[in-house]
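Asks: Pasted the sequence and its predicted model underneath.
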Amino acid sequence: MITREQCAALDAADPLAHCRARFNLPADTIYLDGNSLGAMPANVPARMKTALEDEWAHGLIRSWNDADWYPAPQRTGNKIAKLIGAGPGEVIVADSTSVNLFKVLVAATRMRAERRVILAERTNFPTDVYIASSVAQMTGCELRCVDPEEVMSSIDDSVAVVSLTHVNYKSGKRYDMEAVTRKAHEAGALIVWDLCHSAGAMPVHLNGCEADFAVGCGYKYLNGGPGAPAYVFVAKRHLADLNQPLTGWHGHAKPFEFTHDYAPHAGIDRMLTGTAPQLGVIALEAALEAFEGVDLEVLRAKSVALGNLMIELADQHLAGLGCTLASPRDAGQRGSQVSLAHAEGYAVMQALIARKVIGDFRAPDILRFGFAPLYVRYADIWDTVSALKDILETCAWDNEAFHARKSVT
Ligand SMILES: Cc1ncc(COP(=O)(O)O)c(C=O)c1O
C-alpha cells in the first residue's frame, strides 16, 4: 500500500516543487483541473494592474507603440513556440482554438485542391469536428470521421488533410505524433494537430515530427486565464503559400497603409484577422513566465509519475466501488490526465468539489483529473483518492444538491 508519507517524500524530492510558488492557489484546495482552466500565475495580477492603470488608463492609445502592445501576439507566440518544438516566427497568438482551426483547415484544403477528404476522428473534442464539418461543406470536401484505432489505416491518397487532437480531452489517450504525421505525409496529405491538452504539460516536437499546422488554447496548461487567446502554428515551409480565409487587416502586409486590396503579410502575421484581445494576450504573456527554467522532459516525467500514482492508488482503494479506469494504463499512450468512469460521475464529482478537491466531469460518465506538473503535488493525488474512496463508500454523492446539473460541468 502506498502511504501518504511516501507521497510527501516524493514532493520533498520533486525538482519542480519550487514552481508551485509561482501560482496563487487557495491553500485548502486540491486543484486537478488545470487541463480545463489553469491556475493563476502569481505574477499576473501585478502585470494586469500595470496594463490597466498605466498602459490603458494613462498611456491610452499610445500604448500600442509605447508599451509594445502591438507586437505582443508575435512575442507571446515565440514563447509558446519553445514549448511546442516550433521555431521563431512560426507561432502567433490569435482568436480561439476553434477559429484558428477553421483558418488552418481551409488553408490546408486549398493547398491540396486535387483531394477532397478531411480525415477526422469521432472521439475528438466536438468543436474540432463541428469546424471540420463546416469547412468540408464550404470547400466541397467530404468529412470522413473514423474511430481512433482506424485513423492510421484510413490515411490514403484521397485525404487532403488529417485533423487530430494530440491528447484526447476525455480519455487522455495520446497519439504518436511522429508516426501519424509520417503516415499522412507518405500519403501526400497535410496534418493539423490540436495541442490543447499537450502544450505546457509535456514536450511537443512539431518541427521534429515535421508537422504542418497546429492550434491550441491559452487557458489550460499555459495558464493564460479564462477565455485566454489561442495560438496557431504554421511550419515555415508553408508560410509563403498559405491562403487562409479570414483575411482581416491585421494579417495584411501593411495594415496601417489601409489599402483597398488585400496583400498577406509574408510571415506568421498572415494568420491574424482583427485586433488582438490585448488584455488577454498580456495576461498570457506574463503567465508563460511560470515555465522559465523548466526542463520539459522533467515536466513530463513528473506528469507521468502523477498519473501512474493516481492509477496505482485507484487500483488499491477504489476496486469494487463502481469506478473503472477510462485512460490508458500505459503512460506512453497517455497525456497528463487520468479519467475514471462512474455511472454517477456527475454527482460524485460535485461531492468531491464540495470537499475542495476540484476535477471535472465529461458526459456521460467521466471523472477527469488533470495534472499540471508545475503545481500539482503527489500528496494531492493521495488525498484525492482518499476523498473519492470515502465518497463512494458512504454514497455521500447521493445527495440532491450534487445531482443538480450546472451549466459548466
Ligand atoms: C481539444 C480541444 N480543442 C478545442 C477546445 C476549445 O476551443 P476554443 O478555444 O475555441 O474554445 C477544447 C476545449 O476544451 C479542447 O479540449
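Replies: That came through fine. Since we're looking at a predicted model, the values are computed, not measured.

Asks: Skipping adjacent residues, who's closest to the residue in the stretch 251-400 of the chain that the ligand sits nearest to in space?
Replies: Nearest residue of the stretch 251-400 of the chain to the ligand (CB to the nearest ligand atom) works out as residue 362 at 9.7 Å. No exception for glycine: its C-beta is placed from N, CA and C like everyone else's. Among residues not flanking residue 362 along the chain, residue 170 sits closest, at 5.1 Å (CB to CB, 6 or more residues apart in numbering).

Asks: Check residue 198 too.
Replies: Closest residue in space to residue 198, ignoring its immediate chain neighbours: residue 166 at 4.5 Å, by CB to CB, 6+ apart.

Asks: Please report the distance of that neighbour from residue 183.
Replies: The spacing between residue 166 and residue 183, counted by CB to CB, to the nearest Å, is 15 Å.

Asks: what's the following helix or strand after the helix ranked longest in the chain?
Replies: In terms of residue count, the longest helix belonging to the chain (DSSP state H) is helix 296-317. Downstream of helix 296-317, the next assigned helix or strand under DSSP states H and E is strand 324-325.

Asks: how far is that following strand from where the chain is centred?
Replies: From the chain centre to the centre of strand 324-325 is a distance of 23 Å (CA atoms, centre = their mean, to the nearest Å).

Asks: ok, it: who's next to it in the sheet?
Replies: Its sheet considered, strand 324-325 pairs with strand 337-341 (antiparallel) by DSSP bridges.

Asks: got a list of contacts for the strand it pairs with?
Replies: 35, 167, 170-172, 197, 307, 310-311, 314, 318, 323-327, 362, 365-371 (CB atoms under 8 Å, 6 or more residues apart in numbering).

Asks: Any quick ChimeraX command for the buried ones out of those?
Replies: Applied in ChimeraX, the following selects the buried portion of the contacts of strand 337-341 according to 16 or more other CB atoms under 10 Å:
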select :35,167,170,171,172,197,307,310,311,314,318,323,325,326,327,362,365,366,367,368,369,370,371
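
Asks: if I look at residue 275, how far off is residue 286?
Replies: From residue 275 to residue 286 the distance is 20 Å (CB to CB).

Asks: Ok, residue 234 next?
Replies: 25 Å.

Asks: coming back round to it: correct me if wrong: the residue nearest to residue 362 contacts residue 364.
Replies: No. Applying CB atoms under 8 Å as the test, residue 170 and residue 364 come out as separate, 10.2 Å apart.

Asks: Phi, psi for the residue most central in space within the chain please.
Replies: Residue closest to the mean C-alpha point of the chain, counted by CA atoms, centre = their mean, is residue 196 at 1.8 Å. As for residue 196, its main-chain torsions (degrees, to the nearest 10) stand at phi -50, psi -40.

Asks: now for whatever helix or strand residue 104 lives in, which elements pack on it?
Replies: Using DSSP H and E, residue 104 sits in helix 97-111. The contact analysis (3 or more CB pairs under 8 Å, 6 or more residues apart in numbering; DSSP states H and E) places helix 97-111 against helix 126-139, strand 159-165, strand 190-194, strand 213-216, strand 231-234.

Asks: tell me the domain ranges of the protein?
Replies: Using automatic domain parsing, the domains assigned to the chain come out as 4-16+295-400, 47-291.

Asks: As a markdown table, the ones you listed with mean pLDDT and distance to residue 27 would be great.
Replies: Formatted as a markdown table, the domains of the chain follow (pLDDT from 0 to 100; distance: least, CB to CB, whole Å):
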| stretch | mean pLDDT | distance to residue 27 |
| --- | --- | --- |
| domain 4-16+295-400 | 97 | 10 |
| domain 47-291 | 98 | 19 |
